[in-house]
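Novice: attaching a predicted model along with its sequence, questions to come.
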Amino acid sequence: MAGPSSSPSRRLAQLTRHLLASPSSSSGELSPVGAPAGAGAIASKGFAAVLVCIFEDPRGDTRVLLTKRASSLKSHSGEVSLPGGKMEEGDADAKATALREAHEEIGLDPALVSVVTVLEPFLTKNGLDVTPVIGILSDRSLFNPVLNKDEVVDIFDAPLEMFLKDDNRRTQEQIWMGMTVPFQVFDYEAEGKKYVIWGLTAHILTRAAAVVLQRQPSFVELPQGPTSAAVTSKH
């Protein structure tokens with residue numbers, strides 16, 4: 001028998017299943033995040049997937065699981081990212097990759113997650129196609145994180161709606177191939193810890209929030225220039 005905590009998640013599942021049927025949620029076309037506008041010369045060099053794992057807290061707010069990468073990693077150390085990585089030979093599809101990586105990184109049992117939609121892939125500056133997979137964690141209390149300390153040093157969750165608001169958002173610039181490219185940054189604090197969410201992760205979360213919550217961001221998205229993609233360096 002379903003308990004009170006499962007009801008909000010069931011409503012969220014119904015919403016995302018509806019979005020799965022919408023062609024706008026998964027067009028199959030590349031979103032050129034990571035490449036400057038018109039940079040068609042960047043060819044795909046591989047495939048990866050990340051898990052946008054969402055759940056509803058007791059107040060009915062939709063939240064998303066995020067991780068902080070280990071400081072010992074050679075690249076993108078200490079950055080906030082979504083669980084994910086490159087597809088491996090045994091992976092049937094992007095969904096399998098995202099669920100496998102989440103299990104390896106944070107101990108998330110795939111049986112606890114219901115995959116409800118897959119967004120269009122994002123093309124990183126390194127030519128990697130990264131597919132966001134949206135899954136619902138129906139009961140957050142059943143998930144007891146077990147972190148792979150070689151890759152992940154922290155796990156936290158943030159309100160999904162935050163990535164549609166301008167409140168904690170700022171912009172920065174970086175130089176890439178002689179060009180100055182802006183990118184968006186979200187600042188978040190939880191349990192006395194401060195997190196900076198930026199680059200590819202920020203773009204994916206804004207897109208996922210717009211799809212799941214069926215609202216456009218209150219800000220104008222920046223030109224999609226090169227973004228940091230921690231997923232590219234994991235394998």
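Specialist: Yes, it's here.

Novice: quick one, what contacts P110?
Specialist: With contacts defined as C-beta atoms under 8 Å, 6 or more residues apart in numbering, P110 is in contact with L99, R100, A102, H103. Using the backbone N, CA and C atoms, a C-beta is placed for each residue, glycine as well.

Novice: look up how far I134 lies from G46.
Specialist: Using C-beta to C-beta, to the nearest Å, we find G46 at a distance of 22 Å from I134.

Novice: ranges for the strands of the chain?
Specialist: If you assign secondary structure with DSSP state E, the strands in the chain sit at 46-56, 62-69, 80-81, 84-86, 113-118, 122-123, 128-137, 152-159, 169-176, 179-190, 193-198.

Novice: reformat those strands as CSV; add distance to S218, mean pLDDT and mean neighbour count.
Specialist: What follows is the strands of the chain, written out as CSV (distance: least, C-beta to C-beta, whole Å; pLDDT from 0 to 100; neighbours: other C-beta atoms under 10 Å):
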stretch, distance to S218, mean pLDDT, mean neighbour count
strand 46-56, 20, 94, 24
strand 62-69, 17, 95, 22
strand 80-81, 21, 94, 24
strand 84-86, 27, 92, 24
strand 113-118, 23, 89, 21
strand 122-123, 21, 84, 25
strand 128-137, 21, 92, 25
strand 152-159, 14, 96, 18
strand 169-176, 9, 78, 13
strand 179-190, 13, 85, 16
strand 193-198, 17, 95, 15
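
Novice: just to revisit the earlier point, the contacts of P110: which two are farthest apart?
Specialist: By the measure C-beta to C-beta, the contacts of P110 have their two most distant members at R100 and A102, which lie 7.4 Å apart.

Novice: between the two, who's got more neighbours?
Specialist: A102 (27 against 20; other C-beta atoms under 10 Å).

Novice: hang on, isn't that one packed against A49?
Specialist: No - judged on C-beta atoms under 8 Å, A102 makes no contact with A49 at a distance of 9.8 Å.

Novice: overlap of the contact sets of those two?
Specialist: Taking C-beta under 8 Å, 6+ apart as the contact criterion, the common neighbours of A102 and A49 are G84.

Novice: give me the neighbour count for L147.
Specialist: With neighbours defined by other C-beta under 10 Å, the count for L147 comes to 16.

Novice: so who does it touch?
Specialist: Contacts of L147 were listed using C-beta under 8 Å, 6+ apart, and they are T67, E105, I106, G107, V153, D154, I155.

Novice: against M162, how distant is the nearest residue to N144 once chain neighbours are set aside?
Specialist: With C-beta to C-beta, 6 or more residues apart in numbering as the criterion, N144 has its nearest non-adjacent residue at 7.3 Å, and that residue is G107. G107 sits at a distance of 25 Å from M162 (criterion: C-beta to C-beta).

Novice: neighbour count winner among those two?
Specialist: Taking neighbours as other C-beta under 10 Å, G107 and M162 compare with M162 leading, 19 against 15.

Novice: looks like the more buried one contacts A190 (just checking).
Specialist: No - M162 lies out of contact with A190 (C-beta under 8 Å); the separation is 11.0 Å.
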